[in-house]
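Visitor: requesting a structural model of the entry that follows:
(chains A and B, ligands or ions: 4)
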Number of protein chains: 2
Amino acid sequence: MKSTYSVESLTQNTTPKTRKSAKNTLKKRSSPAHSSALFDEENDFEGPTRCRCQRCEILHPTDRIRIEGERVFENVIKVQDAVDQNVEGLLNDLQELISFKSISVQPEMLAESMKALDWLADRLDNLKFQTMDHYVPDDPENCFEEPHRKVLFSRYFSSPTKNTVLIYGHLDVVPAKPDCWLHDPFTMHLEQGVIYGRGVTSGKGMLVGWLQAIECWLKVHGDLPINVKIIVDMLHEVGNSGLHIYVKERKDFFLDVDFMVFDANSWLNNNNPIIACSLSGWAHFGIEVRGGNKTLESGLAGGLVFEPMIDLCHLMNSLVNDDHDILIPNVELHVKALATHEWQLLEKADFQTYAYKEQLYIRRLRNEGNKVEMLQNRWCKPTLTMHGVEGADSHPGCRRMLPMRVVGKFSIKLVPDQDVKQIQSDVNDYLERCSSELDIGTKMTVHLLDGCEPSSWSSDSTLTKAVINAVFDVFQKMPIVTEGIPICLPVASVLGNLIDKPIMLVPYWRRRDHHHQENEYIEERCVMQHAKVCANLFYELSVISSKCKCHLLTDYCNRRGIMEKLDEERGYFNNESPASRRNQLMNVFRKHDNVSHLTHKRRPFNARFKNFLCIPFAWKRIRKHQKH
Amino acid sequence: MKSTYSVESLTQNTTPKTRKSAKNTLKKRSSPAHSSALFDEENDFEGPTRCRCQRCEILHPTDRIRIEGERVFENVIKVQDAVDQNVEGLLNDLQELISFKSISVQPEMLAESMKALDWLADRLDNLKFQTMDHYVPDDPENCFEEPHRKVLFSRYFSSPTKNTVLIYGHLDVVPAKPDCWLHDPFTMHLEQGVIYGRGVTSGKGMLVGWLQAIECWLKVHGDLPINVKIIVDMLHEVGNSGLHIYVKERKDFFLDVDFMVFDANSWLNNNNPIIACSLSGWAHFGIEVRGGNKTLESGLAGGLVFEPMIDLCHLMNSLVNDDHDILIPNVELHVKALATHEWQLLEKADFQTYAYKEQLYIRRLRNEGNKVEMLQNRWCKPTLTMHGVEGADSHPGCRRMLPMRVVGKFSIKLVPDQDVKQIQSDVNDYLERCSSELDIGTKMTVHLLDGCEPSSWSSDSTLTKAVINAVFDVFQKMPIVTEGIPICLPVASVLGNLIDKPIMLVPYWRRRDHHHQENEYIEERCVMQHAKVCANLFYELSVISSKCKCHLLTDYCNRRGIMEKLDEERGYFNNESPASRRNQLMNVFRKHDNVSHLTHKRRPFNARFKNFLCIPFAWKRIRKHQKH
Ligand SMILES: [Zn+2]
Ligand SMILES: [Zn+2]
Ligand SMILES: [Zn+2]
Ligand SMILES: [Zn+2]
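Guide: Numbers count the residues shown, from 1 in each chain, chains lettered A, B, ... in the order given. Ligands and ions are numbered 1, 2, ... in the order given. Below is the predicted model of the structure:
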C-alpha cells in the first residue's frame, strides 16, 4: 500500500493575517509545508459537468461567502484557547477511563471493558455523535474463550461537503500488577505535572485528546470543521483479533472516509516529535510437516517413524544462523536505503540499552556494541521471529504424544520497499532446497498464513504537511519526518489495507515513558499538547481539498442523504438524530434527484450555513484569487 | 524397578494326578515352569515365632485339611468348563460395554463414561465385590477442561490368608468416526466368529474376560481362590492423567496387594502368544530457554533481542541428526543385548511394513530396508521423540508474539538396563556443551520433567511361570517369553513404580487386529481364550505362596480385620458387607490381640472354611511332604 495523497490543499502557502495568538502562530507558516497547489478544477467552472450542489456553490463564492470564510479561519485559535482552559475536563475524562480495568488479555475483565465502552458511548452521545456497538462474531482464530467482543462505531456528520476523518482508538490495556506500582494502576495519580495510570501512554491517553478537541470545537462553534468517524476496539493489546471481520462487515461505514489518523508512540528522542511516513509489514509463514494421518504414541511408534517435529526442527534451524541472522538468500534485496539524516537520527536516538535490558531482564542484545546497527536491525531491516509450533504438545506437563502433523510458525518483518509476494517465493524456494538436502522422510508444505505489505508515503504530501503544521503549531518545534524508519503499528497497516484510505500518524508519547510497564506515566503537558494537536488537525484537515465529491453528493441527494440512507438500509443507530437537525439537512438535499440536481434553479445562500464550518476551502480559494 | 518375585510356589513341579480335562492339562506340567522351590519357613515349625493364626494352622495340616485340599484342586477345571458354557454371558457384557460412547478425549462424553462405570459397578456388586467411585481431584497438569474424573475402586475380599491380585482395567476408548466403519462402532457386531466394536481390542474386551473368570468361579464355588482388587480408569487413552494422584490418595487400598496384572497387546506374531518380562521407561525433558521476563511483540522487539525460540531450535536440532539418530554420546551404553532367540523373534515378527504405512498414511519408515534394525529401533533401543514447545504460540492463526521463555519438550524412551539418572546427566552435559558452543544470548536450563525407570524381571520367576501355565493351558501352545524386547505400557510402569508390587503381563490380542483403528475387531475365540486365561490365572496365583502374612494377620486381628479397619477408618464403601459375612470373619479374628494371638488355644477346624478356597497351598505342602 504505497499511497500518496494526491490532491493538494488550496492555500497552505498563504500567511493568515487574521490569525493572532499568544503562541506566535505566524511561525507556523514558515514551516516546510509549502505546497505548489494547483486547483485543477479551476477550468471546469460552469462547464457542462458542473454541479449545483452546496459545495459547487461554495467553489464559486459570492461576497457573502468570503466574509463568512474569514470568520471561520479564526476559529481554530479560539478552540486552542478553549482546550487550554479545559484542563479539568481532560483530566476528568482520563480519570474515568483509567478506572476501568479493561484488561483485554484477561477474559474475566470483559465486564470492565464493556463499562469503558459504555462510558465512551455516553460521552460521544453528549458530543452529538451517533454511536453504536458492534458485536464481533465468533472468530475461529480467536484464542480467547470470552473475547472482549464489542467494537464501537461512532460518527459525527456535519455536512457532505466536508472531509471525513476516521480516528482509530482503543480502550483496552495490558495487565498491571498493583504490587509493582507505587500507586494503584487503575486510579489516576497526578504528581508534579506527571500523570500515572495504566493506559495513559496508550489508548486511553490518546483518546481523551480527541475527546477534548471535539468538545472544544463544539463548545466554541457548535460544529466540527470536518466529519468525524471513530472506531474503538477493545482487543487492541491482544492483536486486534477479529478486526478484519468487523471492518469487512461494516464496509459502508468507511465508504466516505477521506483519511485515517492513528496515534503512534514513535518518538525517537525527546527533543523532537517524529512524524513517520512508513509502516512495517510482515509475512507470517507456517511450515507444515506431515508424517501421517494421526498423532501416535511415542512409546509405540518412536524410533519407527520419521518424526515431523524433528524434521521441522531441522528445517526451522536452517532459517537463521547462530547469531540469529536470516539465512534465506536475497532477503535484504529490496530494502530502502537510509537517508543521511535517518542515519544520524539512529545515532542520536534516545535508546538506552542498559535500561531496556534491565527492565525486561534481558542478558544481551543483538549487535549491542553498535547502536546504529542494533537499531537498524530493530526498525529498518527485515528480521525473523519464530513464534511457535502448532499441533504439538504445548501444555504444561508431559504427554507421550508423537505428533504426526505440526506447523512451525515464523514471521519476517518487512520494511519498505519489500513485498510479501517476493518474500514468499524466496522462503518457498529456500525451504524446498533445505528439505531436499535434508532428505526428510516426511512431507513439508510452506504456507503463507498472513501477509501485510509494508507501506510508505511521501513526507511532502499535503496530508503529511497537515500533520506537520498541527504538530509544529503546538510544540513550536520542527518535527522530524522520516520515510526510512518504519513504525510497527499493525492495526494501521491492516486497516490501511482493508479500508484503503491515506494514513496519518500523529506522534503521542515520549521515549522515556513507561509504555506498557509498571508505573506507566506521562507528563500532563504531553496529554494537553496532544489534545491541541488533535484540535489543530481538525482544522488542517478541513482545509485540504479532497477529490470532488459531486458524484457522491448526487448519490446522497438521490437517496436523501447518506445519513438517512445508512439509517434506512441498516437500521444501525438506535439514537435517531433529532428531527430538527434531520430537517435542516433535508432542506439542503430534498428533491435533488439525478436530473434536477444538474438543472434546478440556484437556491439563495442559506443563512443557516453560517453554523456549518464547511467554508474554509472556499475561503482559501478567495485568498488565492486575491493573491493573483 | 527391577523386581523379581522371590518367593517360589511350593509344588509347581508336582503333576496333579486328579486333574482330568478334555484339554489334556497334563501337557501343562511339562511346561518350562519348573521351580526349585525351597520352603524356607519349613524349619520354623513350632519355633518361638510360629503364629497360631488360620494360616499357620493350615501350614501344619491335619488329615481333614488334606482331603479338603484335593477337592479344591479340581475346581479350576470346573471353572474352565463354566466359561465355555457362558459364551452368551460374555458377549452380553461386551455388548453392554461397547454401547457406551466413553470417549475420553472428548470431554463432552463424560456422561457416557460415567454410565459405563456405573454399569460396571453394578456388575461387580452382583459379583459380591465392594465398589466405590473415586473422584480424581483437579489435576493442574490436566489439559482437559472437563476430565472423566471418576476412578472405580473395587475389591473382593475372601480371606486374609489368600493372595491378593490387583487388576488394572479401563473402559474409555479412542474416538471412532462412524463414517469410516462398516457397522456402528458402538454397537457390537458379531459376524463369522469375529466381534466388531470400538474397544474390543482394548479396555472393554479385556475387562469382560476378568468378569467372566470371576463370575464362573463364583458360580462353581461360591468364592474366589484369591482376593481380587480392581481399579478402572476412564482416562487411559489420554495418558492416565491424574493416575499418580489417586494412587497416592488411596495408598492403603494397595497395601495388601501381592501382585499386579495387566493385559498387554504384545503379540509379536500370530503363531505364539508372547509373554513379555520387561517394560520400557522414559525420561521426559524440558529445555527451558529464557530471554527476558515477558512476551514481547515481534514487530517491536524482533531483530533487537536474541529470541529464545531460535536458540531452542538450535539446541533441539543438535539432539538428533538428519536420520533422527540420537547425537547424545553414550546413549546406548547400558542397553541390554538381545538374546539369540530374541533376534530370531524380530526376524520372524509379523510386522507388515506396507500395511502399517498405508494405514497411517506414512511415506517412509526409518531403516525400512532392514526389518530387524527397524523393529529393534522401535522396541529395543532408546529413541528420542520431540513433543512440542510450551510457552510459544501453539494456536491456529497468527499472533505477533515473541515469546521470551519457551520450553522445548522431548523424551527418550528407556529400555533395560538404562536408568533415568544416567540419561539425565548425559543429556545435561551434552546440552550444556551445545549451548556454550552456540554461545547463545539467552539462558538455558534443562529440566527432567518426568522419569520412569524401565524394568525387567526374570522369565524364570514363579510369577512368570504362573502366567505361562495359565496361557499354555488354554492355547496348548508354548508362549514365547522375552526379557529383551520391552513392552510399552506406561500405566504398568507408573503403577509398578507407585505401588511397588510384582507385575505380570497377560497377552491379549493379535497383531492383525485393528487396535484403535477403524473397524476394530477381534476374534470371538480370542476373547473366550482370554477369559479362560484369567480364570486359570486365579488358580495359578492362588497356589503361589507369598511371603508369610503372619505379621499382617496379627495386625488385622488386633484391629478386628482389614475390612473393618478400612471401613471404619475411611468410611469408603457405601455398601456395607452383609452382617453375616462380617460375623463369619469376626469369628475367625475376634479376640486375637498381640499376645493372645501367639498363645491362645488351638481352635478346632472350622467346617465353614470349606466354602473358602484358602487351602491350595496347604494342599501343595502335603503333596510335597508325601513326595519326600
Ligand atoms: Zn498499548
Ligand atoms: Zn457538486
Ligand atoms: Zn486402548
Ligand atoms: Zn500366622
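
Visitor: where's residue A:214 relative to chain B, distance?
Guide: With distances defined as Cβ to the nearest Cβ, to the nearest Å, the gap from residue A:214 to chain B amounts to 30 Å. Using the backbone N, CA and C atoms, a C-beta is placed for each residue, glycine as well.

Visitor: packing partners of the strand or helix carrying that residue?
Guide: Using DSSP states H and E, the secondary-structure element containing residue A:214 is helix A:203-221. Under the contact criterion of 3 or more Cβ pairs under 8 Å, 6 or more residues apart in numbering or on different chains; DSSP states H and E, helix A:203-221 touches helix A:75-85, helix A:87-99, strand A:164-170, strand A:227-233, helix A:524-542.

Visitor: okay, the angle between it and helix A:87-99?
Guide: Here the directions of helix A:203-221 and helix A:87-99 differ by 150 degrees (axes from the mean of the first three to the mean of the last three Cα atoms, to 10 degrees).

Visitor: circling back to that earlier point, quick one: closest of the helices and strands packed on helix A:203-221 to residue B:432.
Guide: Ranking these by their distance to residue B:432 (criterion: Cβ to Cβ) puts strand A:164-170 first, at 44.7 Å.

Visitor: and the very next helix or strand once past the closest one, what's buried?
Guide: Once strand A:164-170 ends, the next helix or strand along the chain (criterion: DSSP H and E) is strand A:189-191. Using 16 or more other Cβ atoms under 10 Å in any protein chain shown as the test for burial, strand A:189-191 gives residue A:189.

Visitor: low-confidence regions, the stretch 401-550 of chain A specifically.
Guide: When the per-residue scores of the stretch 401-550 of chain A are filtered using pLDDT under 70, the ranges that remain are A:511-514, A:545-550.

Visitor: and the residue of it nearest ligand 4?
Guide: Closest contact between the stretch 401-550 of chain A and ligand 4, by Cβ to the ion, is at residue A:401 (49.5 Å).

Visitor: who touches that residue in this structure?
Guide: With contacts defined as Cβ atoms under 8 Å, 6 or more residues apart in numbering or on different chains, the neighbours of residue A:401 are A:295-298, A:393, B:387-388.

Visitor: got a quick ChimeraX command for the buried subset of these?
Guide: A single ChimeraX command selects the buried members of the contacts of residue A:401 (16+ other Cβ under 10 Å):
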select /A:295,296,297,298,393 /B:387,388
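
Visitor: now narrow the contacts of residue A:401 to whatever sits close to ligand 4.
Guide: Of the entries in these, not a single one is placed beside ligand 4 under the rule of Cβ under 5 Å from the ion.

Visitor: report the contact partners of the residue nearest the centre of chain A.
Guide: Centrality entry for chain A: nearest residue to the mean C-alpha point is residue A:262, 2.9 Å, by Cα atoms, centre = their mean. Residue A:262 makes contacts with A:168, A:489, A:491-492, A:503-506, as judged by Cβ under 8 Å, 6+ apart.

Visitor: ok, and the closest non-adjacent residue to residue A:183?
Guide: Of all residues not flanking residue A:183 in the chain, residue A:189 sits nearest, at 4.1 Å (Cβ to Cβ, 6 or more residues apart in numbering or on different chains).

Visitor: give me the pLDDT for the one you found.
Guide: In this prediction, residue A:189 carries a pLDDT score of 93.

Visitor: show me chain A divided up by domain.
Guide: For chain A, the domain assignment from automatic domain parsing gives the residue ranges A:77-278+A:455-542, A:281-335+A:381-452.
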